[in-house]
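K.L.:
With the sequence up front, the predicted model follows.
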Amino acid sequence: MVKSVGASGQISLGKEYAGRQVLVEMPAEGVWIIKTARIVPDNEAWLENPQIKQRVARAIEWVSQHAPEASDPDKLVTRKQDVKRKARSA
């Protein structure tokens, strides 16, 4: 495929690539290698860990099989305090 670089320095790759991110490598003068890529922000990279992916998948599966239940925030606070007291006395 032959493409022309426009006056603004841009090349159109086609609408099928619209909005995609690409890596552009220049291994030699006048040689470009363009690859589609998924860029993962540093603060989200931990989600790419296979063990984390597995835990998230299990959590999603659990949530899909269990309906939400009403809870009383005051009871949750009391329960948390009880757990802390037991941990300190142990």
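P.N.:
Cool, got the structure.
K.L.:
The strand or helix carrying Val63: what's the following helix or strand?
P.N.:
Taking DSSP states H and E as the criterion, the element that holds Val63 is helix 50-65. Tracing the chain past helix 50-65, the next element assigned as helix or strand by DSSP H and E is helix 73-89.
K.L.:
and that following helix, average pLDDT?
P.N.:
Along helix 73-89, the predicted confidence averages to a pLDDT of 80.
K.L.:
Give the other helices and strands that that helix contacts.
P.N.:
With contacts defined as 3 or more Cβ pairs under 8 Å, 6 or more residues apart in numbering; DSSP states H and E, there are no secondary structure elements packing on helix 73-89. For the C-beta atoms, the positions are set from N, CA and C on the backbone; glycine is no exception.
K.L.:
Val24 - that's part of a helix, no?
P.N.:
No. Val24 is assigned strand when assessed by DSSP: H, G, I helix; E, B strand; the rest coil, not a helix.
K.L.:
who does it bridge with?
P.N.:
Under the criterion DSSP bridges, Val24 forms beta bridges with Ile34.
K.L.:
which residues does it contact?
P.N.:
Under the criterion of Cβ atoms under 8 Å, 6 or more residues apart in numbering, the neighbours of Val24 are 32-34.
K.L.:
State the pLDDT value of it.
P.N.:
pLDDT recorded at Val24 is 94.
K.L.:
got it, and the one 3 residues further on?
P.N.:
At Pro27, the model reports a pLDDT of 95.
K.L.:
Contact partners for it?
P.N.:
Ile33.
K.L.:
Mind checking what secondary structure it has?
P.N.:
Three states are possible here, and by three-state DSSP the one that applies to Pro27 is strand.
K.L.:
One more: Trp32?
P.N.:
Of the three states, Trp32 takes strand according to three-state DSSP.
K.L.:
if I look at Trp62, how far off is Trp46?
P.N.:
For Trp62, the distance to Trp46 (Cβ to Cβ, to the nearest Å) stands at 20 Å.
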